[in-house]
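[1] Pasting a predicted model and its sequence here:
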Amino acid sequence: MVHASRSVFQLGHFHHCRPFLVLAFWAAAARPGAADSLLKAPRGFGTKDFIHLSPNQILGGLAYAPDGSKLYYDGVSVRRHSNGEDEKVLFTPPIGSGDRPIFGSFLEVIPDGSAVIFGENTRGNLYRIPLTGDGAGPAGDLKPVDYLSFNFDMSFNGKGQGLVSALSKVKGNSIVLFDGDPAQDNDAIVDEIPQYSGPLAFDGADNLYYATARFDGLPNQLWRFTAAQVESAIGVGVLGPQDAEVLLADIPNKIDMVFAGRELYLADPNLGTIDRLVEGGLETFARIEVPGGVFFSATFLAFRPGLKEFSPGAGASGGALAANLTDFQRFNDLAEVTPELFFQRGRINADGEVDISDAIALLRYAYLGGPAPDPLEAGDVNDDGGIDGSDAVYLLEYLFIGGPRPPEPFVEAGPDPAA
């Protein structure tokens with residue numbers, strides 16, 4: 001029976017883990033400068049590191065809280081990192097006398113946002129950590145809410161049902177239903193999964209995606225089970241590999257996956273890439289670029305949804321994709337990818353033209369409580385960092401008496417060159 005864990009290095013043995021079988025012993029140079037992120041996103045997206053961990057810290061989970069703060073397990077404690085760079089310890093799992101370190105598998109926020117489930121694979125415990133109030137505190141006074149040996153990944157569907165990939169007590173690696181009862185055997189939804197446990201994720205229609213993790217010379221695959229199949233297996237019956245729709249028949253090993261809106265993103269621990277599922281295959285979305293060509297790995301992923309699609313032009317309203325990047329020797333960073341903001345300066349209403357009606361709309365916003373420009377940056381016609389009557393005057397002077405043209409982006413929508 002083959003089992004899985006996300007630990008990197010444990011008691012001198014390598015395990016399939018998050019990240020996978022990697023220690024860059026040959027990386028001798030100093031860490032590259034921290035001014036720029038090592039994760040390079042495509043045009044239309046920006047990347048910024050928000051935490052630099054010690055290279056010997058083994059990340060064990062990454063998620064977003066409902067307020068946008070980042071949650072991560074640093075090998076010792078589950079922490080909450082706010083945009084103001086404040087750190088708060090939410091939970092420290094207890095370690096018995098002489099016991100091994102607690103290696104984390106995942107952090108998954110429950111659908112109502114009140115708590116996060118932390119899975120650790122040293123003992124197989126799952127904890128429910130409150131996100132409201134003061135959380136569990138650093139004392140580690142929480143009791144496990146479930147037990148799953150060598151748990152690997154977790155995802156909730158729209159009905160609030162959580163599925164976990166783990167080592168089943170009966171038929172090897174399985175996907176089981178989280179039931180919140182450590183004493184009760186978990187209902188197997190998919191059984192007899194070959195080799196190791198892999199990552200999984202639900203899409204917006206509650207279809208389940210799963211990436212296999214084999215190292216026996218046979219190809220890894222990306223599977224999909226429909227929402228109806230998953231529902232049919234809860235409580236009665238069980239699915240198997242033969243029931244899966246094989247979306248991709250031969251893919252590199254993937255260590256994590258997450259949906260960003262309607263698109264599936266997957267972390268490649270061997271190539272240091274974040275890939276995106278497209279029709280007929282995978283394409284590289286972002287890549288870790290390290291001087292010297294040493295080994296690097298993309299491990300955990302998390303997504304914070306926004307009001308718009310995660311696509312160029314949406315800006316902060318498009319949400320954010322967080323990732324862990326490490327070579328286990330020089331760098332161990334948590335980075336965030338966000339869409340750049342595209343706008344056309346002076347275009348306030350939705351008629352597609354910049355004219356006197358936009359100046360009137362600006363005056364209504366500035367003095368009469370009218371609708372705000374969307375985005376606000378479009379209303380800063382003179383690019384002085386604020387929106388007031390002077391922006392309407394600037395636009396009117398340009399339109400009618402030969403005043404200076406508003407700064408770019410003005411001719412067409414695009415990013416602010418000064419940003």
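    Great, that's in hand.

[2] Tell me the spacing between residue 191 and residue 106.
    As defined by Cβ to Cβ, to the nearest Å, residue 191 lies at a distance of 20 Å from residue 106. C-beta here means a position set from N, CA and C on the backbone, and glycine is covered the same way.

[3] same check, this time on residue 305
    Counting by Cβ to Cβ, the gap from residue 305 to residue 106 is 19 Å.

[4] Equivalent analysis for residue 203, please.
    Distance, residue 203 to residue 106, using Cβ to Cβ: 18 Å.

[5] follow-up on the earlier one: more neighbours, residue 305 and residue 106?
    residue 106 (28 against 14; other Cβ atoms under 10 Å).

[6] host element of that one?
    Using DSSP states H and E, residue 106 falls within strand 104-109.

[7] cool, and residue 307?
    Judged by DSSP H and E, residue 307 forms part of no helix or strand.

[8] Which residue is the nearest non-sequential neighbour of it?
    Ranked by Cβ to Cβ, 6 or more residues apart in numbering and with sequence neighbours excluded, the top spatial neighbour of residue 307 is residue 317, at 4.6 Å.

[9] Does residue 214 touch residue 194 like I think?
    Yes. In this structure, residue 214 is within contact of residue 194 by Cβ atoms under 8 Å, at 5.8 Å.

[10] ok so, going back, now the residue nearest to residue 307, what's its secondary structure?
    helix (DSSP: H, G, I helix; E, B strand; the rest coil).

[11] can you tell me which residues contact it?
    By Cβ atoms under 8 Å, 6 or more residues apart in numbering, the residues touching residue 317 are 306, 307, 308, 375.

[12] Mind pulling the model confidence for the closest residue to the last one other than its chain neighbours?
    Spelled out, it's residue 375. Distance criterion Cβ to Cβ, 6+ apart; nearest residue to residue 375, sequence neighbours excluded, is residue 343 at 5.3 Å. The model reports residue 343 with a pLDDT of 95.

[13] what's across from residue 343 in the sheet?
    On the basis of DSSP bridges, residue 343 is bridged to residue 414.

[14] tell me the secondary structure for the nearest residue to residue 240 once chain neighbours are set aside?
    Counting by Cβ to Cβ, 6+ apart, residue 192 is the residue found nearest to residue 240 once chain neighbours are left out, at 5.3 Å. Taking three-state DSSP as the rule, one finds residue 192 in the strand state.

[15] hang on, residue 192 packs against residue 239?
    No. Taking Cβ under 8 Å as the definition, residue 192 is not a contact partner of residue 239, at 9.4 Å.

[16] of those two, who's got more company?
    residue 239 (21 against 16).

[17] The more buried one contacts residue 190, doesn't it?
    Yes. With contact defined as Cβ under 8 Å, residue 239 reaches residue 190; the gap is 4.6 Å.

[18] shared neighbours, the two?
    Common contact partners of residue 239 and residue 190 (Cβ under 8 Å, 6+ apart): 225, 233.

[19] what's across from residue 127 in the sheet?
    Beta-bridge pairing for residue 127 (DSSP bridges): residue 118.

[20] contacts for the helix or strand harbouring residue 250?
    For residue 250, the host element (DSSP H and E) is strand 245-251. By Cβ under 8 Å, 6+ apart, the list of residues contacting strand 245-251 from outside reads 209, 211, 219-226, 277, 281-282.

[21] out of those residues, what pair is the most spread apart?
    219 and 226 (22.9 Å; Cβ to Cβ).

[22] So for those two, which residue has more residues nearby?
    Legend: neighbour count by other Cβ under 10 Å for residue 219 and residue 226, higher for residue 226 (15 against 11).

[23] surely the more buried one meets residue 209?
    No. Using Cβ under 8 Å as the test, residue 226 is too far from residue 209 to be in contact (10.9 Å).

[24] Low-confidence bits of the stretch 201-350 of the chain, can you list those?
    292-295 (pLDDT under 70).

[25] now the strands for the stretch 201-350 of the chain?
    208-211, 220-225, 245-251, 256-260, 263-268, 273-278, 281-288, 297-304, 320-326, 332-339 (DSSP state E, counting those that start in this stretch).

[26] Just give the nearest non-adjacent residue to residue 373, would you?
    residue 379 (3.6 Å).

[27] Might you report the residue contacts of the spatially most central residue of the chain?
    For the chain, residue 302 is the residue whose C-alpha lies nearest the centre (Cα atoms, centre = their mean; 1.4 Å). By Cβ under 8 Å, 6+ apart, the residues touching residue 302 are 62, 63, 64, 70, 107, 258, 321, 322, 323.

[28] Generate CSV for those residues, with distance to residue 355 and neighbour count as supplementary columns.
    Formatted as CSV, these follow (distance: Cβ to Cβ, whole Å; neighbours: other Cβ atoms under 10 Å):
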residue, distance to residue 355, neighbour count
62, 47, 23
63, 46, 25
64, 41, 22
70, 43, 22
107, 50, 26
258, 43, 22
321, 38, 26
322, 41, 23
323, 43, 27
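
[29] quick one: which two of those residues are the most distant?
    Greatest spatial distance among those (Cβ to Cβ): 107 and 321, at 15.5 Å.

[30] Now for residue 181, how many residues are close by?
    11.

[31] With the one 5 residues further on instead?
    Here the neighbour count serves as a burial measure; for residue 186 (other Cβ under 10 Å) it reads 22.

[32] likewise residue 308?
    15.

[33] do the same with residue 397
    14.

[34] helix or strand for it, which one?
    Short version, using DSSP H and E: residue 397 is in helix 389-400.

[35] Residue 146: what's it in contact with?
    Shown in contact with residue 146 (Cβ under 8 Å, 6+ apart): 125, 126, 178, 179, 180, 181, 182, 186.

[36] My read is that the fifth one contacts residue 145, right?
    Yes. At 4.9 Å, residue 180 counts as touching residue 145 under the criterion of Cβ under 8 Å.

[37] Which residue of the two possesses the greater neighbour count?
    residue 145 (18 against 13).

[38] Now do the contacts for the more buried one.
    The contact partners of residue 145, by Cβ under 8 Å, 6+ apart, come to 117, 126, 127, 128, 180, 181, 182.

[39] hmm, back to that, now the residue nearest to residue 240: how far from residue 291?
    Residue 192 is 45 Å from residue 291, by Cβ to Cβ.

[40] picking up where we left off before, same list, the strands of the stretch 201-350 of the chain, but as TSV with distance to residue 88 please.
    Formatted as TSV, the strands of the stretch 201-350 of the chain follow (distance: least, Cβ to Cβ, whole Å):
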stretch	distance to residue 88
strand 208-211	32
strand 220-225	37
strand 245-251	38
strand 256-260	24
strand 263-268	26
strand 273-278	28
strand 281-288	28
strand 297-304	17
strand 320-326	17
strand 332-339	16
